[in-house]
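**Q** Take this sequence and fold it.
(one chain, ligands or ions: 1)
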Amino acid sequence: MRVGLGQCDWTFDNEFGRLKGTEDSTPQLIEIPMYLRMAKRFAMETDKRLLAKAVWALGVKGLRSVHRHKRRLKRGEFFPPFLYLSVINSCNLRCQGCWVDVGAKQHKIELDAANRTIEQAKAMGNSFFGILGGEPFMHKDLLNLFEAHPDVYFQVFTNGHFITDEVAARLRKCGNVTPLISVEGSEIISDTRRGRDGVLNQTIAGIEAAVRNKLLVGVCTSVCKSNIDDLVRDKWVDRLIEMGVMYTWFHIYRPVGPEPNPQLALSSEEQRRVRQFVVDTRATKPIIVIDAYHDDAGNALCPAVTGFTHHVGPWGDIEPCPVIQLATESIHDSKPLKETFNESGFLRDFRELTAQNTRGCVIMERPDLLLELADKHGARDTTARGKVMEELRNVEPRRSQYQPGDEIPERSFVYRWAKKYAFNDFGTYGKHYQESQYRDPDQQPPKSSAGQPDSQLPVLN
Ligand code: SF4
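**A** As a prediction, the model looks like this:
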C-alpha cells in the first residue's frame, strides 16, 4: 500500500492528548503516565537486544564520554566527545539549501581512514558517532564500518531511500545503529524541497522497512517556511508514534551553501514557535524529541562552540560543524587526532571568538567572524565548488536559536535533568560571552536588497 502524508492527511486522532500542568500542579506527576507509555513503546516496538545496546553504548558510555570531556576541559585539554563524519559527498537527491557538493565527483572517507578515526576517538572515551553524507548509504562500506565497531553507537542521517528490508535486517544484526530519516513535508513540499518526484513515498517505505525490522528509528525535519505548518504540529507527531518512530528532531533550516534559498528561513517568531512545540511535546508525548541548541533553562547554545561536537567532511577535513566548510587540519594528516584537536588554533579560536559574540549560530548571525577566522588562520575552503568565502560574504545575517530575553525552559523533568548533567555549555559562555559584543540581527539594517522577501514561495531547484 502506498503511504504518503497526502493520503494520511492528518486524519489520526490525537490519542495522546496533551496533559497541561497548571501553575500549582506538579508537572513531574503529570508526566509519569506519559513516560510509562514511552517505556512500553520502547519495550514492545524495538528489538530488545538493540535497546540494550543503545542503553549501554549510547546511554551509559555516552554519559561517561561527557564526563571525560568535562575532566579534560578542567585540565585545559580538548577533544570533542561526539564526532560527526560525513562519509561521502554523493546523494541521490538535490535538496534546497544543501551545502554538500552532491553533484561533484564522488569522494568518500575510505573504510581504513574511517576505522582509524573511530579507533582514535574511542581511545579518548568516545562511544557515539553521527554519520552524514551526501547520502551515507551510497558508501559501499558503510555496513562494514558499523560491523567493525560493535562497542560504539552510530546515528545515520539518511533520506531512507536505500533502507530496504535487506539493509534493515543487516542493521538489526549490527545492533549499534539508529537511522535518522529526514522528512521535509507533505508529498508536494517534499518533492519541491528535495528536487525530485516521489521522494516522500520512498522515504516512508524506508521508515516502514526500518520499523518492520524493529530498529530504533528517528525522523528529522529541517523546519522551514514551507513545512512548519504541516510538521510542527501534534498530528504529525502522533502519526510518527503510530508508525513506530521512537524519536524525532526538528532542526531549523539554515540558509547556507551555494543555493541558500533565504525565502525558506524562519522568522524569529516562527523559531520561538518551534522551540515551544519541542518543549511541550517533550513533556506530553511518548516519543523522544532531540534538540541540540538549548540547555535546561532554555539558554541557546551552539554544540560546536561548546566543543560538544566537531565534524569531519568527505575529504577528511576537520571542520567546526557540517555547515562551516573551512578547515586547517585533516584526519589524513600524520598527527594523531588527539593532538590535532588539542592543538588546533583554528578550532580553538572558532569556539572562543564565536562564544564572545553570540550564543546562537555564527554562520546565520555573524558570517563575518568566519571570514575573519579563515583569514587569520589561512583556513582552506573544503568544498569542491571553492566558493565558500563568497557564499559567506553573501549571507544576510538573521536571528538563529539565540532569542535573548525569550528563553523557553524545559518543562519535562527528565530532559531538565539530562541537560543539566550531559548537555549544556560546559561553562563556555560564562567564560567568553560579552554582551556588549552581541549584534542582534533583527536590529541590523539589511545588508542588501538582494535577498528575496520572506513571503516568496519555495522554488524548485
Ligand atoms: S555553527 Fe550553527 S550550524 Fe554549526 S553547530 Fe553551531 S549552531 Fe549548528
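**Q** Show the contacting residues for residue 400.
**A** 252, 254, 271, 300, 360-361, 364-365 (CB atoms under 8 Å, 6 or more residues apart in numbering). In short, each C-beta sits where N, CA and C put it, glycine included.
**Q** In three-state terms, label whichever residue of the stretch 101-250 of the chain sits closest to the ligand for me.
**A** When distances are taken as CB to the nearest ligand atom, the stretch 101-250 of the chain reaches nearest to the ligand at residue 222, 11.1 Å away. At residue 222 the chain is in strand, as set by DSSP: H, G, I helix; E, B strand; the rest coil.
**Q** residues from this structure in reach of the ligand?
**A** Contact residues (CB under 6 Å from any ligand atom) of the chain with the ligand: 254, 302-304, 321, 323-324, 361-363.
**Q** I'd assumed residue 252 was in contact with the residue of the stretch 101-250 of the chain closest to the ligand.
**A** Yes: here residue 222 reaches residue 252: they are 7.4 Å apart, a contact under CB atoms under 8 Å.
**Q** quick one on the thing from earlier: widest-spaced pair of the contacts of residue 400?
**A** Farthest-apart pair in those is 254 and 300; separation 14.2 Å (CB to CB).
**Q** count of residues packed around residue 288?
**A** Under the neighbour criterion other CB atoms under 10 Å, residue 288 is assigned a count of 18.
**Q** Show me the beta-bridge partners of it.
**A** As for beta bridges, residue 288 partners with residue 247 under DSSP bridges.
**Q** Quick check: it vs residue 420, distance?
**A** Counting by CB to CB, to the nearest Å, the gap from residue 288 to residue 420 is 17 Å.
**Q** now do residue 94
**A** For residue 94, the distance to residue 420 equals 41 Å [CB to CB].
**Q** Residue 209 too?
**A** Distance from residue 209 to residue 420, counting by CB to CB: 37 Å.
**Q** quick one: which of the two has more around it?
**A** residue 209 (22 against 13).
**Q** Now that one: closest residue in space, sequence neighbours ignored.
**A** Of all residues not flanking residue 209 in the chain, residue 168 sits nearest, at 4.6 Å (CB to CB, 6 or more residues apart in numbering).
**Q** List the contacts of the closest residue to the ligand within the stretch 151-300 of the chain.
**A** When scored by CB to the nearest ligand atom, the stretch 151-300 of the chain has residue 254 as its residue closest to the ligand, at 5.7 Å. Contact analysis of residue 254 by CB under 8 Å, 6+ apart lists 97, 222, 265, 323, 361, 363-364, 400.
**Q** That one in helix, strand or coil?
**A** Three-state secondary structure (criterion: three-state DSSP) places residue 254 in coil.
**Q** quick one: it from residue 271, how far?
**A** Separation of residue 254 from residue 271 (CB to CB): 11 Å.
**Q** and what of residue 157?
**A** Taking CB to CB, one finds residue 157 at 21 Å from residue 271.
**Q** Low-confidence stretches in the stretch 301-450 of the chain?
**A** Along the stretch 301-450 of the chain, the model assigns pLDDT under 70 to residues 447-450.
**Q** quick one, helices of it?
**A** Applying DSSP state H, counting those that start in this stretch to the stretch 301-450 of the chain gives helices spanning 337-343, 345-357, 362-365, 367-377, 388-394, 413-422, 428-432.
**Q** which helices and strands does the last one pack with?
**A** Counting contacts by 3 or more CB pairs under 8 Å, 6 or more residues apart in numbering; DSSP states H and E, helix 428-432 is packed against helix 345-357.
**Q** burial of residue 387, as a residue count?
**A** Residue 387 has 15 nearby residues by other CB under 10 Å.
**Q** That one - nearest residue in space that isn't next to it in sequence?
**A** Excluding the flanking residues, the one nearest residue 387 by CB to CB, 6+ apart is residue 258, at 6.6 Å.
**Q** go on, residue 318?
**A** Residue 318's closest residue in space is residue 329 (CB to CB, 6+ apart), at 4.6 Å.
**Q** Assess the claim that that neighbour and residue 320 are in contact.
**A** No: Residue 329 is beyond contact range of residue 320, at 11.4 Å (criterion: CB under 8 Å).
**Q** The two - which one has more neighbours?
**A** residue 320 (29 against 22).
**Q** what's that one sitting at in phi/psi?
**A** Note on residue 320: its backbone torsions stand at phi -60, psi -50 [degrees, to the nearest 10].
**Q** Residue 295 too?
**A** phi -90, psi -170.
**Q** so what's it up against?
**A** 301, 419-420, 423-425.
**Q** Any quick PyMOL command for the buried ones out of those residues?
**A** Entered in PyMOL, the line below selects the buried ones among the contacts of residue 295, by 16 or more other CB atoms under 10 Å:
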select buried, resi 301+419+423+424+425
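**Q** Can you work out which residues contact both of residue 329 and residue 320?
**A** Contacts common to residue 329 and residue 320, judged by CB under 8 Å, 6+ apart, are residue 347.
**Q** who's in contact with the residue of the stretch 101-250 of the chain closest to the ligand?
**A** By CB under 8 Å, 6+ apart, the residues touching residue 222 are 97, 182, 184, 251-254.
**Q** Please tabulate the residues you listed in CSV, including the columns distance to residue 54 and pLDDT.
**A** CSV is the format used below for those (distance: CB to CB, whole Å; pLDDT from 0 to 100):
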residue, distance to residue 54, pLDDT
97, 30, 80
182, 20, 95
184, 26, 88
251, 21, 91
252, 26, 94
253, 28, 94
254, 28, 94
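**Q** tally of neighbours for residue 323?
**A** Neighbour count for residue 323, taken as other CB under 10 Å: 18.
**Q** Same check on the one 5 residues further on?
**A** Close neighbours of residue 328, defined as other CB under 10 Å, add up to 19.
**Q** picking up where we left off before, close enough to count as contact, the residue nearest to residue 209 and residue 207?
**A** No: contact criterion CB under 8 Å: residue 168 and residue 207 do not qualify, at 10.1 Å.
**Q** hey, where'd the strands end up in the stretch 101-250 of the chain?
**A** Secondary structure of the stretch 101-250 of the chain, counting by DSSP state E, counting those that start in this stretch: strands at 128-132, 153-158, 177-182, 218-223, 247-252.
**Q** where does the second one sit relative to the chain's centre, distance-wise?
**A** Spelled out, it's strand 153-158. Relative to its chain's centre, strand 153-158 lies at 11 Å (CA atoms, centre = their mean, to the nearest Å).
**Q** Please apply the same query to the last one.
**A** The gap between the average C-alpha position of strand 247-252 and the chain average comes to 7 Å, counting by CA atoms, centre = their mean.
**Q** and that strand, which residues are buried?
**A** 247-252.
**Q** need the contact list for residue 79.
**A** Residue 79 is in contact with 69, 72, 121, 124, 126, 337-338, 341-342, counting by CB under 8 Å, 6+ apart.
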